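Undergrad: only the shape, not the letters, is given here:
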């Protein structure tokens with residue numbers, strides 16, 4: 001696991017910036033794996049990015065049998081959440097999909113999970129009590145809002161889940177913001193911060209200044225500067241990672 005200081009530094013950047021670093025170090029298929037393939041909504045964008053390790057749970061609010069099948073489910077689930085080191089992001093798979101029949105989240109559950117060391121949630125279901133969740137400092141990426149909670153008893157937890165077309169395993173590092181989320185493979189964690197830091201600096205020292213310093217220049221000179229900056233960007237990436245950057 002990364003240190004608390006490393007997690008805080010990751011939180012300084014938006015999720016696309018973390019992705020830019022991650023794609024240089026991963027062996028995964030960057031077009032299909034590890035980030036949301038379906039649209040998600042950040043209901044607290046002003047809270048900025050959230051970073052944490054996944055705790056996972058499956059729900060089916062439309063099924064009234066679950067509370068009867070395991071009356072102790074809530075207590076067992078909370079003990080699981082409490083046992084995982086933080087910071088944590090609760091990843092909730094809603095089996096009622098594509099329908100949304102009830103919300104796992106609201107003022108009470110947000111405050112309880114905050115007390116258990118969780119910073120927010122990603123759910124392909126719904127949330128409610130939006131203002132109260134925001135006041136609790138609990139960030140949420142979700143499919144939509146909902147009025148009721150229905151039968152939102154936990155069904156399974158500490159298992160692989162799939163949300164927004166993406167599988168997420170327990171204790172997987174997640175970075176999320178208004179753009180979506182990125183679930184980092186375990187083997188990519190150690191080099192992630194350095195890679196993100198390098199890619200951000202590389203952009204700021206090549207392509208971005210070339211574009212911003214274009215005032216008063218002819219279009220020919222602007223294009224020439226951009227071509228040179230692009231070449232330097234690619235050289236830097238190749239020297240660092242052994243492969244060429246997207247630009």
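TA: The structure has been received and is ready for your questions. Computed from a predicted model, the values in this text were never measured in an experiment. Numbers count the residues shown, from 1 in each chain.
Undergrad: any idea which helix or strand comes after the longest strand belonging to the chain?
TA: The residue-count maximum for a strand in the chain (DSSP state E) belongs to strand 50-59. Next along the chain after strand 50-59, taking DSSP states H and E as the criterion, comes helix 66-69.
Undergrad: which regions of the chain lie under the pLDDT threshold?
TA: Within the chain, the stretches with pLDDT under 70 are 244-247.
Undergrad: do that again at 80, thanks
TA: Scanning the chain for pLDDT under 80 picks out 30-32, 243-247.
Undergrad: what about the longest helix in it?
TA: Using DSSP state H, we find that the single longest helix of the chain is helix 219-241.
Undergrad: okay, buried residues for stretch 221-234 please.
TA: For stretch 221-234, the neighbour count (16 or more other C-beta atoms under 10 Å) marks 225-226, 229, 232-234 as buried. Where you see a C-beta, it was placed from the backbone N, CA and C, and this is true even at glycine.
Undergrad: in the chain, which spans are strands?
TA: 41-42, 50-59, 88-94, 118-123, 126-127, 139-142, 144-145, 154-157, 161-163, 166-168, 173-177, 180-184.
Undergrad: chain center to the last one: distance?
TA: Going back to what we said before, that points to strand 180-184. Distance of strand 180-184 from the chain centroid (C-alpha atoms, centre = their mean, to the nearest Å) equals 4 Å.
Undergrad: got the contact list for that strand?
TA: Strand 180-184 is touched from outside by 15, 18-19, 22, 34-36, 40, 54, 122, 141, 164, 166, 168, 172-176, 192, with contacts defined as C-beta atoms under 8 Å, 6 or more residues apart in numbering.
Undergrad: stretch 193-210 too?
TA: Against stretch 193-210 from outside (C-beta under 8 Å, 6+ apart): 2, 6, 9-10, 13, 17-18, 20-22, 24-25, 225-226, 228-230, 232-233, 236-237, 240-241, 245, 247.
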